[in-house]
Every structure is written in C-alpha cells, then in structure tokens.
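Colleague: please find the sequence and the predicted model below.
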Amino acid sequence: MFSRRRGMETAGTAGSSGPSTSATLTLPPTARLLSCRVLDTVHRPLRQATFEVTDPIGRRIVSGETDPYGGFTAAVPEGEYRLSVTAEGYAPFHGVTIVGDPAQPGTAEIVLDAVEPPLLPQPGHWELDPTHSTIGFTARHIGLARIRGRFTTFAGAVRIAERMEDSSMHVIIDAASIDTGVRMRDDHLRSADFLDAVRHPTVEFYSERFIHRSGGRWTVAGALTLHGVSRSVTLDTEYLGLGTGLEGELRAACRATTELHREDFTLNWQSMLAQGIAAIGSSVEVTLDVQAVRKA
C-alpha cells in the first residue's frame, strides 16, 4: 500500500479481474492494474496532473498525465513501485505501493494539498541583474551532439503594474556576445553565415502580455527580433519569488524557457546547407534564469 505522505487518503492496486478492468482490455497473465485518482482538498479531480511510476532503484516504468476525471491506469507486473504526482499550485506527492496485493482497494485516491503562490513583486520599475542572470541556449550540431551556449552581455527592464497581467518587459542582447566555449565556432556564429552581428548587432524581446496560468506559472508573450526579423514568442515562465541581496536590495527571480525555429528568422545558413551539411538543428531551446532588482 502507499505510504501516507502529503495528503494521501487511500491507495491501492487492482488485479486483472479488478473492478477497473475494461471488458475490452486484454492483459498478459502476469500484468496487474495500478489505478489512481488525483483530487484536490475538496475532492475535485485534478486533470493534467503529472505522474511517474518507478521501480525500487529509480528506473521509470510509466509516466503521463491524468485524464479529465483526474485518473490514470497503468498495467505493470506485480511488485513494489514508487509513485510521484505533481500538479501546478499543489504540493507534490511521493508514495510506495505493492502491486498485486488482493487486499488493496481497486482505485487509489491521492489528495494534493494546495500551496500558496509566491508573493508577487511590488509595482514599479525593475532591472535585470546581469551578474546573477543567464540567457542560455541548446541546439543540435549536425544532428548529433548538443551545443550549449549563452549570451554574456545583455540588459533588461521590467515594469510591474498594479495588476501583474498589465506588466511589460524589454530585453536587449548583444548578438556578438555569443559564447559556446569554442572561439572558432563563436566567430563563425557571429559571421554573416549565422547571426550576422555586424548588420544585426542586437537581439530584442518586448512583451506587454503577462498571463497567469496557475501557482507560480506564467506565460509571457511578446515579440522577438532576431537577425532583423520579428516573430511572436511565448516564454513558459516559473516565478520563483522574492529575496534580499547582500546589500539589502529587494530581488525577484524567475526561470523561463522557449523554443525557436531558425527558419522563422531566416537563419538558413545557405552556404553550408548547399553542401548538404545541416550544421545546426531546426530548433533551438532557450533558457533564461533571471534576477531583477527594484529601482529606487
């Protein structure tokens, strides 16, 4: 049975002849069903909660999201398993179950406790702190190994409105500050084959749309100008909360990710593609880890 932790009420497993077995579902003779429903504290189902089932040494057996009724069912061999369940705005659950024990009820009910979202930053003007922030990226090189890099020079400002959704931000990145740890490669990335940093010296992002999703999760939607081309981009953002720096200054922190497609910004690098060399994959993952300081 599941160990009780963080809101667990009841738990269990079902055998192949249990009540949760569909009449049209045929299971191997050794398979058993692990069936759960994920609920909030007033017993409403939590859809799209993320679950992961692992074996005792941490190997993932099955994972996914709950259905519109907060449920999931997985066919697994008999044995001991660990289950983790997470949902935006709720404390995570971690438990243990023995699948195949006929004494267990047919369906587990896992109740997740809501957590308070982090306190939002105060209205006013905030500036990115480059010494405690990073703007990084990951891309495929010739379809094989990943290249990881960052931009070392950038500046940004955030205007926090009385209503957070009305806030705005503007970030400017020095295109020539790209750094992947290999000088020859970085020089090539700055050249006309890639970023063309002489003609397009900056990469800029501007947003006036802050969309609250749940808990500390936000979507920041705006326009990214890269290589002289502007496209709509959304940042999947996790607001981490407020803190105080060594000199007593108030700081706010967040992490954000997005995926860019180089063709959207005319980064086709024809001189290399003409030779049949796909130097960089079609998508680039961008990650921002940012601290901002409130201006006096």
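Modeller: All right, it came through fine.
Colleague: which non-adjacent residue is nearest Leu240?
Modeller: In space, Leu240 comes closest to Ala253 once its chain neighbours are excluded; the distance is 4.2 Å by Cβ to Cβ, 6 or more residues apart in numbering. The C-beta positions use only the backbone N, C-alpha and C, and glycine is treated the same way.
Colleague: ok, that neighbour - contacts?
Modeller: When contacts are counted by Cβ atoms under 8 Å, 6 or more residues apart in numbering, Ala253 is found next to 239-243, 290-292.
Colleague: try 10 Å
Modeller: Ala253 is in contact with 118, 121, 129, 132-133, 238-243, 289-292, counting by Cβ atoms under 10 Å, 6 or more residues apart in numbering.
Colleague: now, which of those residues sits nearest Glu88?
Modeller: Distance from Glu88 was checked for each of these by Cβ to Cβ. The minimum falls on Glu238, at 9.6 Å.
Colleague: average model confidence for the helix or strand the residue nearest to Leu240 falls within?
Modeller: With elements delineated by DSSP states H and E, Ala253 resides in strand 250-261, which encompasses its position. Per-residue confidence for strand 250-261 averages out to 93 on the pLDDT scale.
Colleague: could I have it exported to PDB, CA atoms only?
Modeller: Once side chains and other backbone atoms are set aside, the C-alpha atoms of strand 250-261 remain, and they are given as PDB (Å, rounded to 0.1, in the frame of the first residue of the first chain):
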ATOM      1  CA  LEU A 250      14.900  43.500  -3.000                       C
ATOM      2  CA  ARG A 251      15.200  40.900  -5.700                       C
ATOM      3  CA  ALA A 252      12.700  38.900  -7.800                       C
ATOM      4  CA  ALA A 253      13.700  35.700  -9.600                       C
ATOM      5  CA  CYS A 254      12.200  33.600 -12.400                       C
ATOM      6  CA  ARG A 255      13.100  30.900 -14.900                       C
ATOM      7  CA  ALA A 256      11.700  30.800 -18.400                       C
ATOM      8  CA  THR A 257      12.000  28.600 -21.500                       C
ATOM      9  CA  THR A 258      11.000  28.800 -25.100                       C
ATOM     10  CA  GLU A 259      11.800  27.000 -28.400                       C
ATOM     11  CA  LEU A 260      12.800  28.900 -31.500                       C
ATOM     12  CA  HIS A 261      12.800  27.700 -35.100                       C
END
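Colleague: and that strand, which residues are buried?
Modeller: The neighbour-count check on strand 250-261 (16 or more other Cβ atoms under 10 Å) flags 251-256, 258, 260 as buried.
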